[in-house]
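*Asks:* with the input below, show me the fold.
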Amino acid sequence: MRVLVTGVSGAIGSTVAPALAAGGHQVRGLDLAPPEDALAAALSGGVLVGDVLDPGLADEAVDGADAVVHLAGQPSESTLPQALASHVHTTAALLDAMVRHDVGRLVYAGSNHAVGMTPRTDRLGTDVRPRPDTFYGVAKVAAEALMSLYADRHGLTTVSLRIGSFLEEPTTVRALSTWLSPGDAVRLVEAALTTDVAGFTAVYGISANTRAWWDLEPGRRIGYEPRDDAEAFAAAIPAREDDEAEGARVGGPYAVMPLGRPLP
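*Replies:* Numbers count the residues shown, from 1 in each chain. Next comes the predicted model:
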């Protein structure tokens, strides 16, 4: 496939984009920041540097693609206007460009914080109502609503990956439940790109964690088969005073932090 990856210089983008390219996809990158030379060299579709909110750049980036993987955005809490611009307005710009250029699939880096105020359960499904824990979470909910709208109005396939904790390895007790490994992140995006589904779909983006809070079955229905388990790191993770509070709601520290300010 010919795939546009936004946010290609970020943590997830710089992991997923070269892996997609190595798997045979023609990958074009887009980011506000130029990628490192090695990453840029791995992308046969080239790299564009700039803001996706620029309609001309959005058109140039999307033109000729088969699918868009939208990973760009401020990855933590901010003010409401900043969160909406970063996550909702950018998604709208891409969706509009996709309609103009007849690109039929969007894979989006959603977030567990779209349901972060939900009390923790052992297997939270995707059928629960939105319960964002921050302005960041609100923006992720709104982006999913846009994706649903464009799926219904324009026949697009849109997949939101409600990512847990993307880390090289888990470092807290909460992350033993919420971890998404780099390898599983690649497998998740690949599944969302190639699955035979129509309309809007939301899945949880976590690894096959023994202590998982979220139901992996929606992901398996689109072909996602995670291989890693955070439990392999459990013995090395010390208990902390914050563990109980972070385990009360699925958003963890986001569910109790002040609104509008990033975590220290």
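*Asks:* Thr90 sits in which helix or strand?
*Replies:* Mapping Thr90 onto the secondary structure by DSSP states H and E places it in helix 90-100.
*Asks:* show me where pLDDT drops low in this protein?
*Replies:* Confidence mapping of the chain against pLDDT under 70 gives zero matching residues.
*Asks:* which residues in it form strands?
*Replies:* Under the criterion DSSP state E, the chain carries strands at the ranges 2-6, 26-31, 47-49, 67-70, 105-111, 157-163, 165-166, 179-180, 200-205.
*Asks:* orientation of the last one relative to strand 105-111 in degrees?
*Replies:* Looking back up the chat, that one is strand 200-205. In this structure, strand 200-205 runs at an angle of 50 degrees to strand 105-111, with axes from the mean of the first three to the mean of the last three C-alpha atoms, to 10 degrees as the basis.
*Asks:* so what are the sheet partners of strand 200-205 and their directions?
*Replies:* Partner strands for strand 200-205, per DSSP bridges, with pairing direction: strand 157-163 (parallel).
*Asks:* the helix holding Thr90 vs strand 2-6, what angle?
*Replies:* Computed with the same axes, to 10 degrees, the direction of helix 90-100 lies at 160 degrees from that of strand 2-6.
*Asks:* quick one: contacts of helix 90-100?
*Replies:* 6, 52-53, 55, 58-59, 61-62, 68, 70, 72-73, 103-104, 106, 108, 143, 146-147, 150, 154, 156 (C-beta atoms under 8 Å, 6 or more residues apart in numbering). Every residue, glycine included, has its C-beta placed from N, CA and C.
*Asks:* show me what counts as buried in it.
*Replies:* The neighbour-count criterion (16 or more other C-beta atoms under 10 Å) identifies 90-99 as the buried residues of helix 90-100.
*Asks:* kindly export that helix (C-alpha atoms) in PDB.
*Replies:* Listed next in PDB are the C-alpha coordinates belonging to helix 90-100 (Å, rounded to 0.1, in the frame of the first residue of the first chain):
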ATOM      1  CA  THR A  90      -5.700  18.100  12.100                       C
ATOM      2  CA  THR A  91      -8.000  15.100  11.700                       C
ATOM      3  CA  ALA A  92     -10.600  17.200   9.900                       C
ATOM      4  CA  ALA A  93      -7.900  18.600   7.600                       C
ATOM      5  CA  LEU A  94      -6.800  15.100   6.700                       C
ATOM      6  CA  LEU A  95     -10.300  13.800   6.200                       C
ATOM      7  CA  ASP A  96     -11.200  16.600   3.900                       C
ATOM      8  CA  ALA A  97      -8.000  16.000   1.900                       C
ATOM      9  CA  MET A  98      -8.800  12.300   1.700                       C
ATOM     10  CA  VAL A  99     -12.300  13.000   0.300                       C
ATOM     11  CA  ARG A 100     -10.800  15.400  -2.300                       C
END
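*Asks:* tell me the angle of that helix relative to strand 26-31?
*Replies:* Going by the same axes, to 10 degrees, helix 90-100 makes 140 degrees with strand 26-31.
*Asks:* centre of the chain to helix 90-100, how far?
*Replies:* Taking the mean of its C-alpha atoms, helix 90-100 sits 17 Å from the chain's own mean (C-alpha atoms, centre = their mean, to the nearest Å).
*Asks:* same question, stretch 110-129
*Replies:* Its chain's C-alpha centre and that of stretch 110-129 lie 15 Å apart, by C-alpha atoms, centre = their mean.
*Asks:* how about residues contacting it?
*Replies:* Residues contacting stretch 110-129 (C-beta under 8 Å, 6+ apart): 130-134, 136-137, 140-141, 143-144, 160-164, 178, 202-205, 212-215, 218, 247-252, 254-255.
*Asks:* so which of the residues you listed sit within helices?
*Replies:* The helices in this structure, assigned by DSSP state H, contain 136-137, 140-141, 143-144, 178, 218 from these.
*Asks:* wait, which of the residues you listed is closest to Asp184?
*Replies:* When the ones in helices among the contacts of stretch 110-129 are ranked by distance to Asp184 (C-beta to C-beta), Thr178 comes first, at 12.2 Å.
*Asks:* surely the closest one touches Ser165?
*Replies:* Yes: in this structure, Thr178 is within contact of Ser165 by C-beta atoms under 8 Å, at 4.3 Å.
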